[in-house]
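Engineer: sequence first, then the predicted structure, then my questions.
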Amino acid sequence: MNHNDIINNDLIDKYLLNQLTEEEENGLEEHLLFCDECMDTLEKRKAIIGIIRNELPKEINQNKFAIPKTSKKPVINFSFLLKIAATLLVLVSITWLGILLSDKNKIGKNVVSLKSENIDTITFKKEDSTIINKEFNDEYEKNTNLLAEAYKIMPEFENFIENSVRAGNLEVLSPKFNYKFKPNEIIKIRWESADFDSLNFIVFDNKANIIFEKQIDTTYLFEQKLKPGLYYWQLETTEESVFTGKFIIRN
Amino acid sequence: MHDKFKELINNLTLGEKKAISIVKNNLKIVVSRYFSKKYIELDWIAGKDEICSRKVLFDDLFSDIIQKITYRQETISTFSEYKDFIISKANEKIPRLFQNYFDLLYRNDKKVWLTFDILLKRRIKFWLIKKGFSDIELQEQFYQEAQVVFLNKLQKNELFFKDSGLLKSYIFKIINLKLFEYYREKKKNLFFNTNDFEPDYFDNYDQYIPESDKEKFISNLFKDLNESEKNILFEVFFKEEKLKNIAEKLNITEVNCRVIKHRALAKLEKPARLHGYI
């Protein structure tokens, strides 16, 4: 099977939707053995179809999406319409040009008067701007210092994270390590373990203050709003902490 | 193409890494596609690691190929020979895997129940939307009722299925009966096709398990699509209509319809790829 045939005839889509004959299907599958590009397209298309099938229903208001069965109407000839539109455009532009040329002096005067008015009203005061700039700079410096403080790493926790490898038997699926969340974003905590059914979940800020603590199952949605900064979190049993991770809330 | 295939098999015999990964990937696609056409979804047996999972099935099949071409020194000279071989082997293995999966459900295995629940919920929702029921409460109600019936039967140890196709048929029979009841209550006269419970199959639909950030990102992408793009995506990938029929419905040309579809897919694919979601 030819690569161009596959691309031009949407054979990958048809394959995923089971719309190919057996012969075409075998041909495509054999082609996939030797064509990285098609294989890549297939994988990505599979993923995107999965997303469409999962997400599109949420967008759907059934009535809105019901396509009315229209009776067959002749398809509009767009090239003919374009020709008419082009001629009209030329005619309008010629007449407009004529009007412009006749009123040239009048328009010129108007523009000059507008310019002079603008210059009178906008007067630039140098002193004011320096004051504003200074205040702004102070505030900005203060904020950035605070922000920098909120994102500062804490060595003890970093040490915990390094050693948490030894805990074993626990796989944290979400959030990803050092993941940057948007402000107000819900954080999904998901973990799998052969040993534990529930664990104590604790969130610390970067100064080791406990912000949140709760006994949770393998999946938990952490909905509390957090200020921008770096946060550490732990999963622990009554005896020891089994996992330490960190995430960032973006500014 | 035949020479290329022979070369690939030779490289596989020599244990070349690229050949191994190519055959492994191809094997997954070919087997999944073949069984999905027979209404058997391998996703349903995505259970515990060793007892029943697709990964184990694919690894087994791959080692069967290696055994055939190296230890028994039999040749696989064409693609159709290769496909026939893996399909026949998979046919032997799937009923056992599925029975293991069912045993785990019966023994109340948490992980297997979790996958089962997710699949069941999504499939019922999908099936109902295809039938024109977009009411979320109704979907939830049907899911609950199907689950209760299923659980009762399971507790009595009355359920035996050798593959997922039969399981799905059974579940959709339950929902179809519930639909009858629902309409009887509403006193509406509707005609049902008795073949409606025939299950739908979408092998990749279930592989998608959204996380919060991913979900938000993707739902935002859909907001960027215009109505005609959403319409066409819905018709193509949800109702599985052919482009020709969709073009007729929308009163546009087939080429135009194809262009809109590609534009919509590009709008979804590009940002999703950039952010590493696909």
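Structural biologist: Good, I have the coordinates.
Engineer: which stretches of chain A have low pLDDT?
Structural biologist: The model of chain A has pLDDT under 70 over residues A:55-77, A:103-147, A:156, A:159-160, A:162-169, A:239.
Engineer: domain ranges for it?
Structural biologist: Residue ranges for each domain of chain A read A:3-62, A:155-249, as given by automatic domain parsing.
Engineer: pick the most buried one from those domains.
Structural biologist: Of all those, domain A:3-62 carries the top mean neighbour count, a mean of 17, counting by mean count of other CB atoms under 10 Å in any protein chain shown. (C-beta placed from N, C-alpha, C; glycine too.)
Engineer: a markdown table for the domains of chain A, including distance to B:N256?
Structural biologist: As requested, those are arranged in a markdown table below (distance: least, CB to CB, whole Å):
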| stretch | distance to B:N256 |
| --- | --- |
| domain A:3-62 | 14 |
| domain A:155-249 | 38 |
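Engineer: nearest to B:L274, of these?
Structural biologist: Among the domains of chain A, domain A:3-62 comes nearest to B:L274, with 12.2 Å by CB to CB.
Engineer: Three-state assignment for A:Q234, please.
Structural biologist: In the three-state summary, A:Q234 is assigned as strand, counting by DSSP: H, G, I helix; E, B strand; the rest coil.
Engineer: nearest to B:L14, out of the domains of chain A?
Structural biologist: B:L14 sits nearest to domain A:3-62 of all those, at 16.6 Å, using CB to CB.
Engineer: poorly predicted segments of chain B, please.
Structural biologist: Applying pLDDT under 70 to the predicted model, the residue ranges of chain B that meet it are B:1, B:39, B:41, B:43-52, B:72-73, B:134, B:158-165, B:183-215, B:278.
Engineer: buried stuff in the helix or strand B:I246 falls within?
Structural biologist: Under DSSP states H and E, the secondary-structure element containing B:I246 is helix B:243-250. Residues of helix B:243-250 classed as buried under the neighbour-count rule (16 or more other CB atoms under 10 Å in any protein chain shown) are B:243, B:246-250.
Engineer: redo those as a markdown table? Include distance to chain A.
Structural biologist: Formatted as a markdown table, the entries for the buried residues of helix B:243-250 read as follows, by distance: CB to the nearest CB, whole Å:
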| residue | distance to chain A |
| --- | --- |
| B:L243 | 8 |
| B:I246 | 8 |
| B:A247 | 10 |
| B:E248 | 8 |
| B:K249 | 5 |
| B:L250 | 6 |
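Engineer: which stretches in the stretch 1-150 of chain A count as helices?
Structural biologist: Taking DSSP state H, counting those that start in this stretch as the criterion, the stretch 1-150 of chain A contains helices spanning A:3-8, A:11-16, A:22-34, A:36-59, A:62-65, A:78-102, A:104-121, A:126-150.
Engineer: same for the third one, what does it pack against?
Structural biologist: In other words, helix A:22-34. For helix A:22-34, the contact count by 3 or more CB pairs under 8 Å, 6 or more residues apart in numbering or on different chains; DSSP states H and E identifies helix A:3-8, helix A:11-16, helix A:36-59, helix B:2-13, helix B:17-37, helix B:79-106 as packing neighbours.
Engineer: I'd like those as TSV, with distance to B:S169 appended.
Structural biologist: Written out in TSV, the entries for these read as follows (distance: least, CB to CB, whole Å):
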stretch	distance to B:S169
helix A:3-8	34
helix A:11-16	23
helix A:36-59	20
helix B:2-13	37
helix B:17-37	15
helix B:79-106	14
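Engineer: closest to B:K130 out of the ones you listed?
Structural biologist: Ranking the helices and strands packed on helix A:22-34 by proximity to B:K130 (CB to CB) places helix A:36-59 first, at 9.5 Å.
Engineer: hang on, A:L226 in a strand?
Structural biologist: No: with the criterion set as three-state DSSP, the secondary structure at A:L226 is coil rather than a strand.
Engineer: quick one: contacts for A:K246?
Structural biologist: A:157, A:161, A:177-178, A:230-233 (CB atoms under 8 Å, 6 or more residues apart in numbering or on different chains).
Engineer: name the element it belongs to?
Structural biologist: Assigning secondary structure by DSSP H and E places A:K246 in strand A:241-249.
Engineer: export that strand as PDB, just CAs?
Structural biologist: Listed next in PDB are the C-alpha coordinates belonging to strand A:241-249 (Å, rounded to 0.1, in the frame of the first residue of the first chain):
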ATOM      1  CA  SER A 241       6.000   8.800  56.300                       C
ATOM      2  CA  VAL A 242       6.000   6.700  53.100                       C
ATOM      3  CA  PHE A 243       6.100   9.400  50.500                       C
ATOM      4  CA  THR A 244       7.200  13.000  50.200                       C
ATOM      5  CA  GLY A 245       6.500  15.100  47.100                       C
ATOM      6  CA  LYS A 246       6.300  18.700  46.100                       C
ATOM      7  CA  PHE A 247       4.200  20.900  43.900                       C
ATOM      8  CA  ILE A 248       4.100  24.500  42.900                       C
ATOM      9  CA  ILE A 249       1.200  26.900  42.700                       C
END
